[in-house]
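1. Fold the following and give me the result.
(one chain, ligands or ions: 2)
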Amino acid sequence: MDMNAPHSAPAPQANALRLRDAATPIVIVGHVDHGKSTLIGRLLHDTGSLQDGKLAQIVESSRKRGLAVEWSFLLDSLQIERDQGVTVDSTRIPFRMDGREFVIVDAPGHRQFLRNMITGAADAEAAVLVVDALEGAQEQTRRHAMLLRLIGISHVIVLMNKVDLLGYDQEKVAAAEASVRALLGQLEIPVDAVVPASAREGDNIAERSPNMPWYRGPTLTEALADVPAPSSRSNLAFRMPVQDVYRFDDVRFVAGRVERGQIKVGDTVVIGAHRTMARVAEIGAWHAPVQAAAIAGQSTALRLEPDVIPDRGDLLHTPDAPPLRAARIRTRLFWLRQEPLRVGESFTLRLATAEHQVTVASIDAVVDMDDLTERPAQEVPPEGIAEITLAASEAILFDPFSPGSSDGRGVLVDRLQRIVGGAPLIGPAELAPGERSIHPTASRIEASDRARARGHEAGVFWMTGLPGSGKSTIARAAETILFSRGIDAVVLDGDTLRAGLCADLGFSAEARAENMRRAAHVSKILSDSGQVVIAALVSPSAAERAEVGRIVGEGFAEIHVATDLATCEARDPKGLYAQARVGKIRDFTGIDAPYDAPTAPALSISTADVSVEVAAAQLADFIEQKVRVRDAG
Ligand SMILES: Nc1ncnc2c1ncn2[C@@H]1O[C@H](COP(=O)(O)OS(=O)(=O)O)[C@@H](OP(=O)(O)O)[C@H]1O
Ligand SMILES: Nc1ncnc2c1ncn2[C@@H]1O[C@H](COP(=O)(O)OP(=O)(O)O)[C@@H](O)[C@H]1O
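-> Ligands and ions are numbered 1, 2, ... in the order given. As a prediction, the model looks like this:
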């Protein structure tokens with residue numbers, strides 16, 4: 001049954017609603033070459049979990065012939081199977097131990113690891129941190145350990161690997177263990193067990209090693225067996241995100257996975273978004289034994305009375321312990337995009353089966369990956385970690401992020417459906433004194449669709465130059481030329497803005513910065529709506545112009561109207577230079593206020609050397625070449 005098909009007609013298979021025990025996801029991490037792959041191969045073999053009989057045979061026959069088994073080859077074979085699409089799930093390797101199911105979340109590279117961890121592919125309950133006993137903790141050991149802490153993995157088992165190379169020497173192993181414990185202690189990561197082992201030789205993996213009689217602690221599999229199973233979440237308050245609603249013979253079933261708690265026939269549930277109440281009349285009971293209850297980790301289907309119809313994404317909960325409800329949410333962000341994140345950007349927040357439109361209302365702190373301290377910042381750097389506030393246009397139901405569970409594990413998705421960040425939700429965002437609760441909305445229209453409709457892309461062409469350099473004159477002339485070529489540009493002129501929007505501002509450095517900030521935001525709004533913007537402001541400070549570039553983002557181009565001071569002063573179209581020279585006007589740019597010329601403008605026009613017509617044509621040509629949508633054919 002396609003669980004993603006909306007309200008699909010029934011084609012029930014007997015196992016569609018088969019209730020199964022939840023597997024315990026574990027993630028295996030560690031510095032490259034410290035033995036991760038070998039460990040996975042060994043663990044699968046020693047627990048008899050190699051489903052592919054051939055692989056097991058190869059292992060056995062090479063052992064019988066006295067050949068060393070390269071355990072990591074096992075993993076490579078699995079990888080090849082996955083590449084060929086043989087294995088359905090590309091990141092999860094199941095294995096069983098004493099009747100209990102585990103899933104190894106295979107995360108080859110660092111990036112992949114991070115992505116898997118935070119997208120919820122790895123609801124990892126526990127992590128095995130593999131450390132080469134010879135080399136001790138390395139840079140990646142440290143980074144992975146920090147991520148485990150930030151992600152909130154609650155059970156960490158350290159596998160001190162390759163102790164055969166230390167001759168199983170108790171003292172040497174103890175020294176290596178002490179250094180790893182010191183590192184994890186520094187990072188305040190509690191450790192369930194430190195297991196001295198050799199994945200290659202099989203010491204202390206599934207079998208107690210005869211080579212280390214001095215070791216009294218658990219083997220790796222014993223340590224894993226101590227990790228609480230996900231079903232222990234069945235004692236928490238009931239939550240079931242609605243995956244879909246199915247109809248069978250006019251009977252409707254609400255399908256989903258019980259994330260926490262349990263539900264029995266006869267219980268009352270609340271359908272989160274609308275706060276409607278209903279009674280559970282039946283639990284997943286066709287082509288399968290009738291269930292009286294469903295518990296955390298099970299996929300199930302409920303028949304409700306009255307027959308209410310929740311939407312995909314609604315959260316079912318019990319009335320006594322409701323989830324939090326907030327439209328502003330403090331979020332820990334694992335940012336995956338290659339460009340920085342800035343305030344005002346909008347995304348889809350995916351939370352279990354729900355999707356909400358959210359905007360980044362503030363960036364509250366960025367985590368320094370070297371020492372885990374938090375500091376204020378304007379933006380989140382590529383692949384950075386931060387605390388941000390997300391604002392939605394409606395209240396979102398959620399339980400705060402809790403390690404090892406699916407609670408509050410949000411993911412940010414951009415307009416192209418790319419996952420750009422993991423966003424564990426921490427709690428409702430308190431408004432700081434004086435702060436207003438704002439919930440910006442984002443357009444649903446794609447920039448590419450606007451460009452197609454208008455015949456050109458958007459852009460912000462920011463002209464800077466001394467008073468009288470010719471900014472306004474050229475901007476207006478270029479506007480006319482562009483219009484005749486089918487490009488509708490809008491001119492934001494300093495003098496014009498100052499007559500209205502910025503009428504309250506003077507010419508101090510602060511007032512100019514504010515003037516530019518406003519003009520930048522207006523430019524941004526206009527260009528987001530597909531407009532070509534020509535801004536003509538003195539904008540004397542290079543730092544403030546850089547800030548404008550940040551506000552506008554993509555499509556910003558700095559244009560220097562590089563007319564020299566003498567020429568501007570000679571022109572003095574408004575007589576302001578003359579007044580500034582005699583002190584009637586103070587802080588006049590070029591006379592008694594500074595002007596930082598751009599060092600690398602996208603275009604430079606010196607009107608001292610060319611006519612208005614030529615200068616305007618230069619500008620219009622430049623803009624047209626930047627924004628014109630080229631025919632694909
Ligand atoms: N003290 C002082 N310094 C600079 N300019 C002055 C000043 N006082 C008035 N004017 C007139 O205001 C226009 C500059 O406004 P802007 O908004 O472009 O300036 S800024 O970017 O905020 O620096 C500028 O217009 P343009 O000549 O079109 O540049 C001036 O005519
Ligand atoms: N090549 C040229 N380009 C632009 N302006 C010129 C040129 N030659 C002379 N001027 C004159 O210089 C003055 C420029 O003033 P303005 O456009 O208001 O400058 P700004 O907006 O930079 O203060 C106008 O009076 C304009 O007629």
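2. which ones are touching whatever residue of the chain ends up closest to ligand 1?
-> For the chain and ligand 1, the shortest gap (Cβ to the nearest ligand atom) falls at residue 494, measuring 2.3 Å. From N, CA and C alone the C-beta is placed, and that goes for glycine too. Residues counted as contacts of residue 494 (Cβ atoms under 8 Å, 6 or more residues apart in numbering) are 471, 472, 515, 519, 536, 537, 538.
3. Which of these fall in strands?
-> If you go by DSSP state E, those have residue 536 in strands.
4. Taking the contacts of residue 494 together, which two end up most distant?
-> 472 and 515 (15.2 Å; Cβ to Cβ).
5. Between these two, which has more neighbouring residues?
-> A count of neighbours by other Cβ atoms under 10 Å puts residue 515 above the other of residue 472 and residue 515, at 23 against 20.
6. Count the residues that sit near the closest residue in space to residue 596 that isn't next to it in sequence.
-> Once flanking residues are discounted, residue 596 sits nearest to residue 542: 4.0 Å by Cβ to Cβ, 6 or more residues apart in numbering. Neighbours of residue 542 under the rule other Cβ under 10 Å: 16.
7. pretty sure residue 542 contacts residue 601?
-> No - judged on Cβ atoms under 8 Å, residue 542 makes no contact with residue 601 at a distance of 10.7 Å.
8. coming back round to it: the residue of the chain closest to ligand 1 and residue 536, how far apart?
-> According to Cβ to Cβ, to the nearest Å, residue 494 stands 6 Å off from residue 536.
9. which residues do the two both contact?
-> Common neighbours of residue 494 and residue 536, counting by Cβ under 8 Å, 6+ apart, are 471, 472.
10. Any regions of the stretch 501-633 of the chain where pLDDT drops low?
-> Across the stretch 501-633 of the chain, residues meeting the criterion (pLDDT under 70) sit at 630-633.
11. can you pull out the strands in it?
-> 532-536, 556-561, 603-605 (DSSP state E, counting those that start in this stretch).
12. re earlier: now do the residue nearest to residue 596 against ligand 2, distance only.
-> Plainly put, residue 542 is 18 Å away from ligand 2 if you go by Cβ to the nearest ligand atom, to the nearest Å.
13. For that residue, which residues are in contact?
-> 596, 598, 599.
14. Would you state the helices of the stretch 301-450 of the chain in chain order?
-> Per DSSP state H, counting those that start in this stretch, the stretch 301-450 of the chain carries helices over the ranges 447-454.
15. Report the contact partners of whatever residue of the stretch 451-600 of the chain ends up closest to ligand 2.
-> Per Cβ to the nearest ligand atom, residue 470 is where the stretch 451-600 of the chain lies closest to ligand 2, at 2.7 Å. Applying Cβ under 8 Å, 6+ apart, we find residue 470 in contact with 561, 563, 605, 607, 612, 615.
16. Show me just the buried residues among the residues you listed.
-> 561, 563, 605, 607, 615 (16 or more other Cβ atoms under 10 Å).
17. which ones among the residues you listed come in contact with ligand 2?
-> When contact is defined as Cβ under 6 Å from any ligand atom, the buried ones among the contacts of residue 470 meet ligand 2 at 561, 607, 615.
18. and the residues you listed as a markdown table, adding distance to residue 583?
-> Formatted as a markdown table, these follow (distance: Cβ to Cβ, whole Å):
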| residue | distance to residue 583 |
| --- | --- |
| 561 | 26 |
| 607 | 28 |
| 615 | 32 |
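19. which ones are touching residue 103?
-> So, once contact is read as Cβ under 8 Å, 6+ apart, residue 103 ends up touching 23, 24, 25, 26, 92, 93, 94, 95.
20. Now do it against residue 126, distance only.
-> Taken as Cβ to Cβ, the span from residue 103 to residue 126 is 11 Å.
21. Which residues are in contact with each of the two?
-> Residues touching both residue 103 and residue 126 (Cβ under 8 Å, 6+ apart) are 24, 26.
22. need the next SSE after whichever strand or helix holds residue 174, C-terminal direction.
-> Per DSSP states H and E, residue 174 falls inside helix 170-186. Proceeding N to C from helix 170-186, the next assigned helix or strand is strand 193-196, under DSSP H and E.
23. Show me what the mean pLDDT comes to for that following strand.
-> Throughout strand 193-196, pLDDT has a mean value of 97.
24. what do you get for stretch 226-241?
-> 84.
25. Give the buried residues for that stretch.
-> Quick answer for stretch 226-241 (16+ other Cβ under 10 Å): 227, 229, 230, 231, 233, 234, 236, 238, 239, 240, 241.
26. Quick one: end-to-end distance for that stretch.
-> 29 Å (Cα to Cα, to the nearest Å).
27. Pull the distance from that stretch to the chain's centre.
-> From the chain centre to the centre of stretch 226-241 is a distance of 26 Å (Cα atoms, centre = their mean, to the nearest Å).
28. What of stretch 491-503?
-> 39 Å.
29. Give the buried residues for that stretch.
-> 491, 492, 493, 494, 497, 498, 502.
30. Go ahead and confirm the fifth one touches residue 519.
-> Yes - judged on Cβ under 8 Å, residue 497 makes contact with residue 519 at a distance of 5.9 Å.
31. Give me the common contacts of those two.
-> Counting by Cβ under 8 Å, 6+ apart, the contacts common to residue 497 and residue 519 are residue 537.
32. Close to ligand 2: what parts of the stretch 351-500 of the chain are there?
-> Near ligand 2, when you scan the stretch 351-500 of the chain using Cβ under 6 Å from any ligand atom, you find 465, 467, 468, 469, 470, 471, 472, 473, 474.
33. so the fourth one is in which element?
-> Take DSSP H and E as the rule and residue 469 turns out to sit in neither a helix nor a strand.
34. wait, what's in contact with it?
-> 561, 562, 563, 567, 568, 607.
35. Report the separation between it and residue 563.
-> Taking Cβ to Cβ, one finds residue 469 at 4 Å from residue 563.
36. hey, what's in contact with both of these two?
-> residue 607.
37. Narrow the contacts of residue 469 to those in helices?
-> 567, 568 (DSSP state H).
38. so what's the backbone phi/psi at the nearest residue to residue 408 once chain neighbours are set aside?
-> Leaving out its chain neighbours, the residue that sits closest to residue 408 by Cβ to Cβ, 6+ apart is residue 401, at 3.5 Å. Here is the backbone geometry of residue 401 (degrees, to the nearest 10): phi -50, psi 130.
39. And residue 103, by the same measure?
-> phi -130, psi 120.
40. so after the least confident helix or strand in the chain by mean pLDDT, what's the next helix or strand?
-> Of all helical and strand segments in the chain, the minimum by mean pLDDT, DSSP states H and E falls on helix 71-83, at a mean of 58. Counting by DSSP H and E, the element after helix 71-83 in chain order, helix or strand, is strand 92-97.
41. Counting by contacts, list what that next one packs against.
-> helix 36-46, strand 100-105, helix 220-225 (3 or more Cβ pairs under 8 Å, 6 or more residues apart in numbering; DSSP states H and E).
42. Quick check: phi and psi on residue 144?
-> Torsion angles, degrees, to the nearest 10, at residue 144: phi -60, psi -40.
43. With the one 10 residues further on instead?
-> Phi and psi for residue 154, reported as degrees, to the nearest 10, are phi -90, psi -20.
44. can you check the one 3 residues further on too?
-> Main-chain dihedrals, residue 157, degrees, to the nearest 10: phi -110, psi 130.
45. quick one: it and residue 128 touch, right?
-> Yes - applying Cβ under 8 Å as the test, residue 157 and residue 128 come out as touching, 5.0 Å apart.
46. list residues touching both of the two?
-> Common neighbours of residue 157 and residue 128 (Cβ under 8 Å, 6+ apart) are 220, 224.
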